[in-house]
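Asks: Test case, fold it:
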Amino acid sequence: MLNNLANQGGVSLIAAIFIIVILAFMGVMLLSMVTTSSLSSVNDLQSTKALYVAEGGVEYILGVNTFPNYSTNGATTNLGAGNFKIDTPATVTTAGGIPASGASTFTVNKSSWAGFPAPPGNIVIDSEIMTYSAWNGTNQFTVNAAGRGAGGTTAAAHAFGAAVYPATTTTAAVNNLPGTTTIPVSSTIGFVIPGVIQINNEFIWCENTSGNNFTNCIRAYKGSTIANHVINSNVFQYMLRSTGSVGNAGRAIQTGVTMNQPSIAFDQSFNNTVHANILTWNHTVSATATNSILFVGVSTATTTVSGPITYGTQNMSLVGAANNTGNSHVEIWRLIAPATGTHLITVNLPASVRVDGGSVSFTGVNQTTPIDAGPVSATGNNNAPSLSINTITNSAWVFDTLTFPGSGAVTATAAVGQTQMWSISHSAGGGGSYQGPISPAGSVTMSWTLSNNEQWVIEAVALRPAVSQSISQLFWNEIVN
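Replies: Model (predicted):
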C-alpha cells in the first residue's frame, strides 16, 4: 500500500514537472512571438517612415537646387526621424569644374545605378551636350574640343558638383502619328525604362527597349504635344534617386523630372513708314501682359535716331545699331515692362529722311536679364540677308530687324520658320520677324529673301524666358533596399 502511494506520488511529480516544462516552453514561444512581432512592427514602421523621408528628399531638392543639378554628392540631410541623400547618374568632381571651351578630361562621381554607353557617347551637363571620346567606365570622361557644344548646344563652363546625365539622338525621323511607338536612337544605355524620354518639347512614355530602340511608347505624355522630330534630334531623361533611411530601414525612389519655364509669347506688332524727321505710330500692349518687353526696329539709309525713342512717356533704351557702308542702317531699341494699353511710339531723326519702323511686344520675358544673346549683325550685297546667333537659355526667342535700300519694287520675305511681322518696301526698306522657342539652346539662323540684290544689314537679339520656373515630376518608381 505504501509502495503504491509512493509510485503514484512519483508519477504526479513527473507529470507536474512535464506540465511546468510545457508551460515554460509555451511562455518562451509566446515571448518570442511577441518580440518578433514587435521587431517586425518596428521594421515596418521604420520602412514606411524611410519611404516618406525619401519622398520628402525629392520635394526638398527640387525646391532648393536648380535644374538639373540635384545631387547632394553623397551628403545626407536630416529629415524627421531619419535622413536622405540624392543622387543623379553622375556629378562632376574635378576641382574647379569644366572650362567653358576646348578639350577636357574630367572626373565624376558615378552612381551605382547609372550607365553610360561605350565611347563615342553623349552626355548632357546643364544645357550643354558633349560627345565623349573616352570613358573609363567608372570615374573619368575625355571630351575633345570638337565634342563640345554637340547637338546644336553651346559650350559653357560647368561647376564642381554639376549633374551629368546620359543623352542620345534619334537615328531616323520620328513622325507625329500616335501609332509611332518605336523610337530609334543611338543608344538606350543609362535610360530608366519603363520611363519617360524627352525629344524637343514632347514627352514620351516608353515601356521597353529592344537594341537601340525605345519600344511600346505612348506619345504626347503628360499633356505635351505630339510633334515631328528630325533625324539626330536630341533625346534626354533627367533622373534622380532619393534614398531615405530611418533606423535600420532604407527605401529609395527614382523620379524623372523636367523644368517648365514660362513660355515667351508674342503679344502685338505694329509698324509705319514716312519721309520726315519724326516717325510715329501707336502700339498696344495687352492688358493681361506679364513679364513683358517692347522692341522697336528702325530702318534708314544712313541716318541715326536722335535721342531715345519714346513709348508714351517712357524712354526706350538702345540695344544695338549696325551699318552697311552708308547704304543701309538698322537700330533695335527696347523697353522692359511697357505700360499696358495703347501709347504713341515716337522716333526722332536729325533730318527729314525716309524711315521705316516696327514694334513688337512679347510676354514671359526675363525682366532682369531680358537679352539672352546679342545683339549680332551681318551685312551683304546679294538677295539673301542672313545671320546666326547663339542662344544660351533653353526656350529663348530671337527677334531681328532688316534694312535694305532698294526701292518700292524690292520686297523682302522672312524665311520659313520665322514669323514675319512687317516688310516695308522703300528707298530704306525694312522688315522684322521672330523665331521661337529655341530648345535646346544653340545656333539660330535668321534669314530673308529679297526680290533683288541689295546692300543689306540685319541685326538680331535673343530673348531670355522669365526666371521663374516650376519642376514637373514625370514619373517615379519605388525601390525597396
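
Asks: alpha carbons only for contacts and neighbour counts from here, please
Replies: Fine.

Asks: and the closest residue to Ser328 other than its chain neighbours, how far is that from Gly341?
Replies: Spatial nearest neighbour of Ser328, chain neighbours left out: Ala301 (4.3 Å); criterion: CA to CA, 6 or more residues apart in numbering. Remark: distance between Ala301 and Gly341 (CA to CA, to the nearest Å) = 32 Å.

Asks: cool, and Gly374?
Replies: In terms of CA to CA, Gly374 sits 29 Å off from Gly341.

Asks: higher neighbour count, these two?
Replies: Gly374 (17 against 12; other CA atoms under 10 Å).

Asks: Report the distance from the longest strand along the chain to the chain centre.
Replies: For the chain, the strand with the greatest residue count under DSSP state E is strand 341-363. Taking CA atoms, centre = their mean, to the nearest Å, one finds the center of strand 341-363 at 35 Å from the center of the full chain.

Asks: packing partners for it?
Replies: strand 265-285, strand 293-300, strand 310-311, strand 429-438 (3 or more CA pairs under 8 Å, 6 or more residues apart in numbering; DSSP states H and E).

Asks: quick one, it and strand 265-285 angle?
Replies: Interaxial angle of strand 341-363 relative to strand 265-285 (axes from the mean of the first three to the mean of the last three CA atoms, to 10 degrees): 160 degrees.

Asks: Could you pull out the buried residues of strand 341-363?
Replies: 343, 345-349, 353-363 (16 or more other CA atoms under 10 Å).

Asks: need the next SSE after it, C-terminal direction.
Replies: strand 371-382 (DSSP states H and E).

Asks: Just give the strands next to that next one in its sheet, each with its orientation.
Replies: Partners of strand 371-382 in the sheet, by DSSP bridges, are strand 454-463 (antiparallel).

Asks: Rounded mean pLDDT for the partner strand, please.
Replies: On average, the pLDDT along strand 454-463 is 95.

Asks: With just CA atoms, put it into CSV.
Replies: The C-alpha coordinates for strand 454-463 follow below in CSV (Å, rounded to 0.1, in the frame of the first residue of the first chain):
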residue,chain,number,x,y,z
GLU,A,454,20.8,94.8,-102.4
GLN,A,455,23.3,96.1,-99.9
TRP,A,456,21.5,95.0,-96.7
VAL,A,457,22.2,95.0,-93.0
ILE,A,458,20.4,92.7,-90.4
GLU,A,459,20.6,92.8,-86.6
ALA,A,460,19.1,90.3,-84.1
VAL,A,461,18.8,89.7,-80.4
ALA,A,462,17.8,86.7,-78.3
LEU,A,463,15.1,87.0,-75.6
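
Asks: Where does the prediction get shaky in this structure?
Replies: Scanning the chain with the threshold set as pLDDT under 70 gives 1-13, 15-16, 18, 21, 23-40, 261-262, 467-471, 480-481.

Asks: please redo it, this time with the cut-off set to 50
Replies: 1-2, 5-6, 34-37, 39 (pLDDT under 50).

Asks: Is it correct that Gln46 falls within a strand?
Replies: No. Checked against DSSP: H, G, I helix; E, B strand; the rest coil, Gln46 lies outside a strand; its state is helix.

Asks: my guess is it meets Gly247, correct?
Replies: Yes. If you go by CA atoms under 8 Å, Gln46 and Gly247 touch, sitting 6.5 Å apart.

Asks: who's more crowded, those two?
Replies: Neighbours per residue (other CA under 10 Å) separate Gln46 from Gly247, with Gln46 holding more: 21 against 14.

Asks: separation between that one and Ala54?
Replies: To Ala54, Gln46 is 12 Å away according to CA to CA.

Asks: circling back: what's the angle between the longest strand of the chain and strand 429-438?
Replies: Relative orientation of strand 341-363 versus strand 429-438 (the same axes, to 10 degrees): 50 degrees.

Asks: In the sheet, which strands lie alongside strand 341-363, parallel or antiparallel?
Replies: Partners of strand 341-363 in the sheet, by DSSP bridges, are strand 265-285 (antiparallel), strand 293-300 (antiparallel), strand 310-311 (antiparallel).

Asks: Please work out which residues outside the second one touch it.
Replies: Contacts with strand 293-300, where a contact means CA atoms under 8 Å, 6 or more residues apart in numbering, come from 328-338, 353-363, 365, 367, 401-403, 428-430, 432.

Asks: one more time with 7 Å, if that's ok
Replies: Residues from elsewhere that reach strand 293-300 (CA atoms under 7 Å, 6 or more residues apart in numbering): 328-338, 354-363, 365, 401, 403, 428-430.

Asks: what's the neighbour count on Asn212?
Replies: 15.

Asks: Excluding chain neighbours, what is closest to it?
Replies: Asn212 sits nearest to Ser187 (CA to CA, 6+ apart), 5.1 Å away.

Asks: same deal with Val360?
Replies: Closest to Val360 by CA to CA, 6+ apart is Ser269, at 4.2 Å.

Asks: again, but for Leu294
Replies: Closest to Leu294 by CA to CA, 6+ apart is Ser361, at 4.3 Å.

Asks: give the contact list for the one you found.
Replies: Phe266, Asp267, Gln268, Ser269, Val285, Ser292, Ile293, Leu294, Phe295.

Asks: from those residues, which two are the most distant?
Replies: Ser269 and Ser292 (13.2 Å; CA to CA).

Asks: who has more neighbours, those two?
Replies: Remark: of Ser269 and Ser292, Ser292 carries more neighbours, 27 against 20, as counted by other CA under 10 Å.

Asks: which strand residues sit across from the spatially closest residue to the more buried one that is not a sequence neighbour in the sheet?
Replies: Residue nearest to Ser292 in three dimensions, not counting chain neighbours: Thr363, with 4.2 Å by CA to CA, 6+ apart. Note on Thr363: beta-bridge partners by DSSP bridges are Ala265.

Asks: Distance check, the spatially closest residue to Ala156 that is not a sequence neighbour against Ile293.
Replies: Excluding the flanking residues, the one nearest Ala156 by CA to CA, 6+ apart is Ala100, at 4.1 Å. With distances taken as CA to CA, Ala100 is found 30 Å from Ile293.

Asks: In terms of neighbours, single out the busier of the two.
Replies: Shown here are Ala100 and Ile293; by other CA under 10 Å, Ile293 has more neighbours (24 against 14).

Asks: For that one, give its distance to Ile458.
Replies: In terms of CA to CA, Ile293 sits 21 Å off from Ile458.

Asks: Which residue ranges make up each domain of this protein?
Replies: 77-261+468-480, 265-463 (automatic domain parsing).

Asks: CA-only coordinates of stretch 388-406, as CSV, when you get a sec.
Replies: What follows is stretch 388-406, C-alpha atoms only, in CSV (Å, rounded to 0.1, in the frame of the first residue of the first chain):
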residue,chain,number,x,y,z
SER,A,388,23.5,83.3,-86.9
ILE,A,389,23.0,83.9,-83.2
ASN,A,390,23.9,81.5,-80.4
THR,A,391,21.1,81.4,-77.7
ILE,A,392,22.2,80.5,-74.2
THR,A,393,19.0,79.6,-72.5
ASN,A,394,16.5,76.8,-73.5
SER,A,395,13.3,78.2,-74.9
ALA,A,396,14.8,81.6,-75.8
TRP,A,397,13.2,83.5,-78.8
VAL,A,398,15.0,85.6,-81.4
PHE,A,399,13.9,89.0,-82.8
ASP,A,400,15.5,90.6,-85.9
THR,A,401,15.3,93.8,-87.9
LEU,A,402,16.4,94.1,-91.6
THR,A,403,17.3,97.2,-93.7
PHE,A,404,17.7,97.2,-97.5
PRO,A,405,17.9,100.3,-99.7
GLY,A,406,16.2,99.2,-102.9
